[in-house]
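> Below: sequence and its predicted model.
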Amino acid sequence: MADKKEEASPETTRRRNEQVGTVVKAKMAKTVVVAVERLVRHGLYRKTIKRTSTFMAHDEKGAKQGDVVRIVETRPLSKMKRWRVEEIIGKNARAAEDTAVVAG
């Protein structure tokens, strides 16, 4: 009789959805709000329009407002959180300048 529990092979493992966006709010504990922009073509006029979606993401990495982050889809963590921060791609350059001016 074969085992019903099979090993996770690359063919059966589902690839998680990834998005790259900017942290808009970082005032909650271990949660950030990430804005993801996408380009959509208007159906009638064919003009490209910029659309923004916001996602609440679980943050163990310590992202700050203005940082560019990669978020991945995960199981529901709370009522609104279905994403988590995978990595911080770029730090907020303006925040670094402000601290340099204050320190200098």
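Everything's here; your move. Quantities reported herein were computed from a predicted structural model and do not represent experimental measurements. Residues are numbered from 1 along each chain as shown.
> Double-check that residue 94 belongs to a strand.
No: per DSSP: H, G, I helix; E, B strand; the rest coil, residue 94 lies outside any strand segment and is helix.
> right, and it touches residue 66 too?
Yes: if you go by C-beta atoms under 8 Å, residue 94 and residue 66 touch, sitting 6.3 Å apart. In short, each C-beta sits where N, CA and C put it, glycine included.
> So if I had to pick from the two, which one is more boxed in?
Shown here are residue 94 and residue 66; by other C-beta atoms under 10 Å, residue 66 has more neighbours (16 against 9).
> Are we agreed that that one is in a strand?
No: counting by three-state DSSP, residue 66 is not found in a strand; it is coil.
> if I look at it, how far off is residue 52?
Distance, residue 66 to residue 52, by C-beta to C-beta, to the nearest Å: 15 Å.
> go on, residue 37?
Using C-beta to C-beta, residue 37 is found at 5 Å from residue 52.
> and if you look at residue 36?
7 Å.
> If you count surrounding residues, which of the two has more?
More crowded of residue 36 and residue 52, by other C-beta under 10 Å: residue 36, with 16 against 11.
> ok, then the element right after the helix or strand that contains the more buried one?
Per DSSP states H and E, residue 36 falls inside strand 31-41. For strand 31-41, the following helix or strand on the C-terminal side (DSSP H and E) is strand 48-58.
> what residues does the next helix or strand after that following strand touch?
Using DSSP H and E, the next helix or strand after strand 48-58 towards the C-terminus is strand 68-73. Applying C-beta atoms under 8 Å, 6 or more residues apart in numbering, the contact partners of strand 68-73 are 16-23, 32, 34, 36, 55, 57, 61, 63, 82-90.
> Wait, residue 88 touches residue 59, no?
No: at 9.2 Å, residue 88 and residue 59 do not qualify as touching, with contact defined as C-beta under 8 Å.
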